[in-house]
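# The amino acid sequence is not available; the structure is as follows:
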Ligand SMILES: NC(=O)c1ccc[n+]([C@@H]2O[C@H](COP(=O)([O-])OP(=O)(O)OC[C@H]3O[C@@H](n4cnc5c(N)ncnc54)[C@H](O)[C@@H]3O)[C@@H](O)[C@H]2O)c1
Ligand SMILES: O=CCCC(=O)O
């Protein structure tokens with residue numbers, strides 16, 4: 001596995017990194033484990049770790065433009081999107097810097113055996129395996145809560161974002177993090193399997209595809225290691241007959257095209273009531289046609305290239321197969337230069353079309369026109385995935401009922417679902433298990449230790 005920055009806009013190789021050796025991995029684990037066993041990790045020293053998070057936020061604020069440019073250079077998203085990603089990361093770090101002591105305070109469990117309480121202790125080294133689509137955010141949403149808890153992190157990032165992986169290590173060093181707090185490793189899947197087996201590693205947090213998730217979850221399971229899996233999605237965007245269709249359509253466009261469509265929670269399946277479908281489709285087609293493809297560093301560009309040539313090839317293959325199985329193209333699917341992909345809207349996707357169940361990781365939206373709410377829910381839930389979703393309706397009680405019937409980990413009503421520090425993020429079914437962020441995320445990798453004082 002070659003760790004390389006290949007500029008997605010030019011396809012030039014910018015920088016290649018050498019892989020870490022087994023000896024370097026061993027040294028990394030030794031250092032991280034020594035930190036776990038030191039006075040740094042126990043619950044009573046949380047204020048020092050919160051101070052570290054505050055320093056990290058300050059360092060990130062200081063370098064935010066450099067970090068944003070590194071993201072864009074590594075994986076090609078618009079510079080404005082990179083800046084938004086950093087702003088979100090800073091908020092995540094600040095959230096745990098301010099809230100962690102409260103979130104992790106002991107919880108009382110009175111019982112007939114005596115007064116009891118649950119304390120939240122660190123468990124050991126956490127291995128983070130991360131994807132390239134939000135290359136700093138994906139790391140930060142593991143590292144920030146791990147620091148608060150006292151768990152050291154070793155990370156294996158996607159091979160196309162090595163500069164981001166390295167940069168986070170530099171930021172932590174500048175924030176005076178003790179050695180071993182976070183270490184980036186450029187390693188192969190075989191080396192990852194060995195790291196998961198190591199007794200000092202007690203948790204595995206993976207964000208990525210269902211394929212990687214099923215392999216790594218099996219490896220973690222076979223070694224009885226706790227794991228969280230944040231995997232793919234095929235999220236619905238439901239528009240009812242009473243919705244504000246103009247707002248819905250514009251939100252649906254943004255929800256499908258940001259990050260060049262490479263988002264786990266992107267609005268991938270539009271499910272629209274027949275009454276409002278013509279207006280909805282018109283707005284989507286017009287908006288898709290208006291995108292400006294260009295250098296992602298240029299502030300006039302509105303659609304970035306895909307992250308790699310391979311991503312473009314894979315997406316085109318999926319689209320070709322969808323069309324071969326009867327899908328109709330309503331707009332898009334035109335040739336585009338380099339790694340750009342024309343925003344495309346397809347419909348008439350029957351259940352035996354492979355596209356019906358697949359995640360399209362790029363600017364291709366599927367449209368399903370329905371007659372009523374039951375039909376919308378049946379379609380929404382006929383999916384292997386269960387990550388997020390959106391419902392647009394002016395009748396909030398109706399929208400709440402729909403949200404409650406959608407089988408996913410997250411649903412947003414009358415707005416698109418951003419990820420923020422204080423809200424839990426995660427899915428069900430083949431979108432994985434466990435939660436990141438919020439109070440739920442910080443408690444995924446803790447020992448919920450019960451202590452009871454017996455009654456005399
Ligand atoms: N649920 C979420 O929070 C979330 C967020 C972002 C992306 N995703 C999903 O991630 C996918 C896109 O990202 P990707 O293409 O980088 O995914 P990917 O699964 O190819 O890679 C993710 C990470 O797993 C590693 N990996 C892959 N196979 C491995 C193996 N056998 N052993 C060890 N490590 C392995 C990769 O090198 C990378 O670091 C999409 O499906 C997307 O929906 C999910
Ligand atoms: O890919 C998942 C990231 C989710 C987001 O920040 O919108």
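Sure thing, it's come through. Everything quoted here is computed from the prediction, not taken from an experiment. Ligands and ions are numbered 1, 2, ... in the order given.
# where does the stretch 301-450 of the chain come near ligand 2, residue by residue?
By the rule CB under 6 Å from any ligand atom, the part of the stretch 301-450 of the chain lying against ligand 2 is 418-419. C-beta: built from backbone N, CA, C; applies to glycine.
# And the residue of the stretch 301-450 of the chain closest to ligand 2?
The stretch 301-450 of the chain approaches ligand 2 most closely through residue 419 (3.6 Å), counting by CB to the nearest ligand atom.
# quick one: that residue and residue 437 touch, right?
Yes. Assessed by CB atoms under 8 Å, residue 419 is found in contact with residue 437 at 6.9 Å.
# out of the two, which sits in the busier spot?
residue 437 (23 against 19; other CB atoms under 10 Å).
# could you list every residue that touches that one?
92, 141, 145, 419-425 (CB atoms under 8 Å, 6 or more residues apart in numbering).
# Now do the shared contacts for residue 419 and residue 437.
141, 425.
# where do the strands sit along the stretch 251-400 of the chain?
For the stretch 251-400 of the chain, applying DSSP state E, counting those that start in this stretch gives strands covering 269-273, 328-331, 344-347, 364-370, 385-386, 389-392.
# Tabulate those (CSV), appending mean neighbour count and mean pLDDT.
What follows is the strands of the stretch 251-400 of the chain, written out as CSV (neighbours: other CB atoms under 10 Å; pLDDT from 0 to 100):
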stretch, mean neighbour count, mean pLDDT
strand 269-273, 25, 98
strand 328-331, 16, 98
strand 344-347, 21, 98
strand 364-370, 23, 98
strand 385-386, 24, 98
strand 389-392, 28, 98
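# closest to ligand 1 out of those strands?
Of these, nearest to ligand 1 by CB to the nearest ligand atom is strand 385-386, at 8.6 Å.
# So in that sheet, which strands flank that closest one, and in what orientation?
strand 428-429 (antiparallel) (DSSP bridges).
# mind giving me the domain ranges of this structure?
Following automatic domain parsing, one finds the domains of the chain at 3-231+431-454, 236-420.
# Apart from its chain neighbours, what residue comes closest to the residue in the chain that ligand 1 sits nearest to?
With CB to the nearest ligand atom, the shortest gap between the chain and ligand 1 falls at residue 208, namely 2.6 Å. Spatial nearest neighbour of residue 208, chain neighbours left out: residue 131 (4.7 Å); criterion: CB to CB, 6 or more residues apart in numbering.
# My understanding was that the one you found contacts residue 155; is that so?
No. The criterion here is CB under 8 Å, and residue 131 misses it with residue 155 at 11.8 Å.
# the helices in the stretch 251-400 of the chain, which residues?
277-289, 309-324, 373-381, 396-405 (DSSP state H, counting those that start in this stretch).
# Just put those helices in CSV and tack on mean neighbour count, distance to residue 239 and mean pLDDT.
Below are those laid out as CSV (neighbours: other CB atoms under 10 Å; distance: least, CB to CB, whole Å; pLDDT from 0 to 100):
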stretch, mean neighbour count, distance to residue 239, mean pLDDT
helix 277-289, 17, 6, 98
helix 309-324, 16, 22, 98
helix 373-381, 18, 9, 98
helix 396-405, 15, 11, 98
